[in-house]
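Asker: My questions are about this predicted structure, shown below with the sequence.
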Amino acid sequence: MEDNQKSLEEIVPNEYEAVLVAARLARKINAARQAIKEQTAPEEFNKMDQRKVTSIALDQLKSGKIKFDRRKTEDEVETFDLT
């Protein structure tokens, strides 16, 4: 682990929440990657980061690039806001 990265436990209170947050972020990354793939030539797309989206999501969470905020809606259902 790099020095500038926090452990996942410092960012997300428990492992279950970490999985939920990482999964939601991975879906966003995958959607963005698919949109870029449709607009980019294959040679250029192959130069992009080809790691798995879950690895990218976890790295972004640990490095602090993505902020995690747990909120409750009016129905008292927890939601995750990734900014």
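Answerer: That came through, no problem.
Asker: Kindly provide the distance from Arg33 to Ala57.
Answerer: Separation of Arg33 from Ala57 (CB to CB, to the nearest Å): 12 Å. C-beta: built from backbone N, CA, C; applies to glycine.
Asker: neighbour-wise, which of those two wins?
Answerer: The neighbour comparison of Arg33 against Ala57 (other CB atoms under 10 Å) goes to Ala57, with 23 against 16.
Asker: So that one, which state does it fall into?
Answerer: Judged by DSSP: H, G, I helix; E, B strand; the rest coil, the three-state class of Ala57 is helix.
Asker: for it, what are its contacts?
Answerer: With contact set as CB atoms under 8 Å, 6 or more residues apart in numbering, Ala57 has these partners: Ala22, Ala23, Leu25, Ala26, Ile29, Ile66.
Asker: Repeat that for Ala18.
Answerer: Contacts of Ala18 by CB under 8 Å, 6+ apart are Leu8, Glu9, Ile11, Val12, Leu61.
Asker: Apply 7 Å and report the result again.
Answerer: For Ala18, the contacting residues are Leu8, Val12, by CB atoms under 7 Å, 6 or more residues apart in numbering.
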